[in-house]
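Participant: give me a model of this one.
(one chain, ligands or ions: 2)
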Amino acid sequence: MQTRVSESVKPITPEEFIPGGIEIKNLEVSYGKNAVIKGIDIVFPPGKVTAIIGPSGCGKTTLLRCLNRLSELTPGCRVKGQILLDGENILNMDPMLLRRKVGMVFQRANPFPKSIKENILYGVKAIKLKCDHDSTVRTCLEKAALWEEVRRRLNESAFALSIGQQQRLCIARTLAISPEVILLDEPAAALDPVSTGILEESILAMKGEYTQIIVTHNMNEAKKISDYIAFLYNGKLLEFGETEKIFDSPEQEMTQQYISGKVY
Ligand SMILES: Nc1ncnc2c1ncn2[C@@H]1O[C@H](COP(=O)(O)OP(=O)(O)OP(=O)(O)O)[C@@H](O)[C@H]1O
Ligand SMILES: [Mg+2]
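Facilitator: Ligands and ions are numbered 1, 2, ... in the order given. Alright, predicted model coming up:
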């Protein structure tokens, strides 16, 4: 896949290339005989935030889990089609290598039973990534908007943090191994409004540096933080477009109804 900084017709120079573009072609996913994703094509632009929205059970989490091949850890889950990361089919990649490039943050914060610092360095140490540990810890915590709150507590247990702080720690942990893509599955679902606001600010601040794909049920959040919206309905992509366009004048009546809270 060609990933471009702009839509210009000039050939892309190496300086213009932004990694982390994902293109899905004719994706079908089933659990046993139950088809859940029914032939989806989407391009997730690199460096942008795309929000996946849609009613409960329409396949948002399933789609997200395909993008770093967590799907194949679910017994009975079958994936067909192509998912290209920077033009390379991820289904042919080493899953561990893929998950270094495509990190994931889940609905419930899941820090490891280790110190704040060791949580962040966990992946770095596991893959023996050469880097300055202290500056990696600081940079990742700053990007996740957590540094000021924990700078004097780095050796405390991650469980001593609030749930909102734990969720930001999980984002910082994901950043430590320099992914290209960050998948976020309803990351603010369990957070209070203040923590949600801080998390959204950090997502906004990471634009341009990472491709972010976020599942959310919160339309205000989708409007505030995303560049693009993918509206899934019953395993199909009903509409994809720029966030402003989707909210101002969606093409599908169903999209209009969903974003205005009339379809659940
Ligand atoms: N491990 C599984 N085994 C069997 N079926 C599953 C499994 N996980 C999900 N499903 C089914 O796949 C469909 C899509 O589920 P998925 O979790 O992707 O939906 P979702 O859009 O993320 O929903 P929500 O908004 O409630 O999180 C649902 O019908 C669900 O019951
Ligand atoms: Mg889900």
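Participant: now do the SS call for the residue most central in space within the chain.
Facilitator: Nearest to the centroid of the C-alpha atoms of the chain, with distances taken as C-alpha atoms, centre = their mean, sits L183, at 1.8 Å. Classification of L183 using DSSP: H, G, I helix; E, B strand; the rest coil returns strand.
Participant: ok, G47 - contacts?
Facilitator: By C-beta atoms under 8 Å, 6 or more residues apart in numbering, the residues touching G47 are I18, G20, K207, G208, E209, Y210, T211. All C-beta atoms are positioned from the backbone trio N, CA, C, and that covers glycine.
Participant: now with 6 Å, please.
Facilitator: Going by C-beta atoms under 6 Å, 6 or more residues apart in numbering, G47 touches I18, G208.
Participant: now swap in S226 and tell me
Facilitator: If you count contacts by C-beta under 6 Å, 6+ apart, S226 has them with V49, A51, T243.
Participant: L146 reaches R168, doesn't it?
Facilitator: Yes: here L146 reaches R168: they are 4.3 Å apart, a contact under C-beta atoms under 6 Å.
Participant: which stretches in this protein count as strands?
Facilitator: With strands called from DSSP state E, the chain shows them at 22-31, 34-44, 49-53, 77-85, 88-89, 102-105, 181-185, 211-215, 228-233, 236-242.
Participant: identify whichever of those lies nearest to E156.
Facilitator: Shortest distance between E156 and those, using C-beta to C-beta, is found for strand 102-105: 21.2 Å.
Participant: how about the residues of the stretch 51-200 of the chain by ligand 1?
Facilitator: When proximity is defined as C-beta under 6 Å from any ligand atom, the stretch 51-200 of the chain approaches ligand 1 at G54, S56, G57, C58, G59, K60, T61, T62, T74.
Participant: for PyMOL, what selects the buried ones among those?
Facilitator: Buried subset of these, written as a PyMOL selection, criterion 16 or more other C-beta atoms under 10 Å:
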select buried, resi 54+58+59+60+61+62
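Participant: as CSV, the residues of the stretch 51-200 of the chain next to ligand 1 with pLDDT and distance to K114 would be great.
Facilitator: As requested, these are exported to CSV (pLDDT from 0 to 100; distance: C-beta to C-beta, whole Å):
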residue, pLDDT, distance to K114
G54, 97, 36
S56, 96, 34
G57, 96, 35
C58, 97, 36
G59, 98, 34
K60, 98, 30
T61, 97, 26
T62, 97, 30
T74, 95, 27
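Participant: please flag which of the residues of the stretch 51-200 of the chain next to ligand 1 sit within helices.
Facilitator: K60, T61, T62 (DSSP state H).
Participant: the helices in the stretch 101-250 of the chain, which residues?
Facilitator: Assigned by DSSP state H, counting those that start in this stretch, the stretch 101-250 of the chain shows helices spanning 116-126, 133-143, 147-150, 163-175, 193-205, 219-225, 243-248.
Participant: what's the first one packed up against?
Facilitator: Contacts of helix 116-126 with other secondary structure elements, assessed using 3 or more C-beta pairs under 6 Å, 6 or more residues apart in numbering; DSSP states H and E, are made with helix 133-143, helix 163-175.
Participant: give the buried residues for that helix.
Facilitator: So, applying 16+ other C-beta under 10 Å, buried residues of helix 116-126: I116, K117, E118, N119, I120, L121, Y122, G123, V124.
Participant: what about the stretch 1-150 of the chain, any weak spots by pLDDT?
Facilitator: For the stretch 1-150 of the chain, the stretches with pLDDT under 70 are 1-16.
Participant: apply 50 and report the result again.
Facilitator: Scanning the stretch 1-150 of the chain with the threshold set as pLDDT under 50 gives 1-8.
Participant: sounds good, over and out.
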